[in-house]
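> next one to model:
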Amino acid sequence: MMRPQSLADVAARSIDWAAFHLCLREFVDEFRRREAPAMLADEPCRLAERLSGGDVADAYLAAVAVSLARESASAPPLWAWSDDRKLHRPWFAWTGAALRATLLAESPAPFRERNLFVSANALSRA
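Residues are numbered from 1 along each chain as shown. Below is the predicted model:
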């Protein structure tokens with residue numbers, strides 16, 4: 001199967017969380033390989049309607065779009081700024097009080113702005 005060519009493809013292929021994570025990783029790799037900001041233009045369908053906790057995935061896709069746009073020195077897509085792609089309550093990539101302080105401190109701005117708290121290397125493949 002071909003790698004996702006847009007974040008809309010990622011959402012369309014996300015039948016569960018495992019598929020979401022796999023497709024997102026493949027998309028990030030493909031985006032970085034091609035360096036094509038147009039790959040961020042199409043708005044993904046809302047996963048809040050399909051996955052338990054899909055509101056987190058919706059916010060995550062927006063954060064990824066902004067992060068990759070900035071990485072490629074291009075303007076983020078307008079859909080990524082939608083209020084319904086921001087969480088009302090903080091979400092942490094790892095549970096446990098010990099890691100929360102680290103995630104609060106190092107979460108990249110596009111994630112933090114959407115109430116997502118992840119590691120500084122959330123989009124790396126190292």
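> and the strands in this protein?
For the chain, the strands defined by DSSP state E cover 91-92, 116-117.
> what does the first one contact?
Just to be clear, that refers to strand 91-92. 56, 59, 99-100, 103, 115-117 (CB atoms under 8 Å, 6 or more residues apart in numbering). All C-beta atoms are positioned from the backbone trio N, CA, C, and that covers glycine.
> out of the strands of the chain, which one sits most buried?
strand 116-117 (a mean of 22; mean count of other CB atoms under 10 Å).
> in terms of secondary structure, what does it contact?
Strand 116-117 sits against helix 54-71, strand 91-92, helix 97-106, with contacts defined as 3 or more CB pairs under 8 Å, 6 or more residues apart in numbering; DSSP states H and E.
> if we can go back for a sec, tell me which of the contacts of strand 91-92 is nearest to residue 22?
Comparing those against residue 22 with CB to CB places residue 56 closest, at 16.4 Å.
> need the contact list for the closest one.
87, 91, 116.
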